[in-house]
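Chemist: build the 3D model from these lines:
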Amino acid sequence: MLLGLFPLRSETLKLRTVVIDAGHGGKDAGAVSKDKKSYEKTFTLSIASSLAEKIREEFPDVKVVMTRTTDKFVELRDRAQIANKAEGQLFISVHINSSVSTSPNGYSVHILGQSSNKNRDLFAYNMDVVKRENSVILLEDDYSTKYQGFDPSDEQSYIFMTLMQNAHLEQSLLVASVISEKLKGGPIRADRGIWQNPFYVLWKTAMPAVLVELGFISNQNDLSILKQENKREDIAERLFQAFKEYKGIYDSSLDIHRKEETPVSDTPRVQTQAPAAPQAATVRYGTQIFASSRSIDLSDEMFMGYVPEVINIGSLNKYIIGVFESEEEARKANLQIKKRYPGCFMVKLGSDGVTRFK
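Modeler: Purely as a prediction, here's the structure:
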């Protein structure tokens, strides 16, 4: 079990609010099939609505907020604002992928992260997808003022996102991992993995957040599946099972926090326990540069000469470099590592697992 960033106020401990975002809508059709008869916005609303219904039915105490319930255009920034205003504890954005080629297929799960420099970034596998999902901004009135100059078609606009430290990274990774596992063996067969990308809607949500691409509308096999109501229902059920598992982890972790002697504080605490991680004889310190659901060759150029220590947690591999027994030495190394990996963060490795800290 992986535990991450949880508030410690007793009255709001359990996961009680989830926000489900049906991608696109209204004048924004999203991705469109080759024959122009099927739209991403239709499939996403169908799956998102079914997911919301399942959560409400089994967890009546959980508040389920949807960014749209009809074929309505919702501005990208408003989706995040709806989630933040609802004080959501989890944000799930539902999308369907597309490609110029008809061969790509499968599902993928995305969390906030770097994707602007292909020479330095593991997760920059498809900048076109990022640009397409963010391009809805261009349909909005006065978008240049609303988004303070952010241009979804310009890769330079994404640079500032790589400088953001996602306070909910650990929990977003956990949610993504659970969702990825639950989608395996489902109607959409191919697993394209877990990725970090600078999707605007993930960047602006102040909570653990994931964006799921549930198949390719441009692929005939995926499209035929998405057209079937029972297949969409199956996909929604798998997303629900992922939510159910994550909620169980989230809620049960709170019993551990209550037993701690540390006084209750309004300040969120990062505490990551990883039973699957190697047991260290002594406490060590290092810098986590990224995590991936796929194993990466340690000689890959993305490591820029570093030899990372890999810690496996469930289906995720965490890559940690600059590991020292001395916190002071690790911090010095971290200053240099940050120049190459802007989104990295310090971690402590010990017998109780991996703990993120400042």
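Chemist: hmm, Val64 is touching Ser49, no?
Modeler: No - counting by C-beta atoms under 8 Å, Val64 stays clear of Ser49, with 10.3 Å between them. For glycine as for every other residue, the C-beta is placed from the backbone atoms N, C-alpha and C.
Chemist: how about the lengthiest helix in the chain: buried residues?
Modeler: In terms of residue count, the longest helix belonging to the chain (DSSP state H) is helix 229-259. Neighbour counts over helix 229-259 (16 or more other C-beta atoms under 10 Å) mark 231-236, 238-243, 245-247, 249-250, 253-254, 257 as buried.
Chemist: what's near enough to touch Thr44?
Modeler: 22-25, 30, 94-96 (C-beta atoms under 8 Å, 6 or more residues apart in numbering).
Chemist: and the next helix or strand past the helix or strand of the chain at the bottom of the mean pLDDT ranking?
Modeler: Least confident helix or strand of the chain, by mean pLDDT, DSSP states H and E, is strand 269-270 with a mean of 34. Next in sequence after strand 269-270, counting helices and strands by DSSP states H and E, comes strand 284-292.
Chemist: wait, Leu226 touches Val94, no?
Modeler: No - using C-beta under 8 Å, Leu226 makes no contact with Val94, being 11.7 Å away.
Chemist: what touches both of those two?
Modeler: Joint contacts of Leu226 and Val94 (C-beta under 8 Å, 6+ apart) are Leu214.
Chemist: grab the nearest non-local neighbour of Asp61.
Modeler: Spatially, and ignoring its direct neighbours in sequence, Asp61 is nearest to Arg16 (6.6 Å; C-beta to C-beta, 6 or more residues apart in numbering).
Chemist: just to check, the one you found is in contact with Lys63?
Modeler: Yes - between Arg16 and Lys63 there is a contact under C-beta under 8 Å: 6.1 Å.
Chemist: Lys184: neighbouring residues, count only.
Modeler: Neighbour count of Lys184, defined by other C-beta atoms under 10 Å: 12.
Chemist: give me every residue that touches it.
Modeler: Shown in contact with Lys184 (C-beta under 8 Å, 6+ apart): Asp191.
Chemist: what about it, distance to Ala48?
Modeler: 21 Å (C-beta to C-beta, to the nearest Å).
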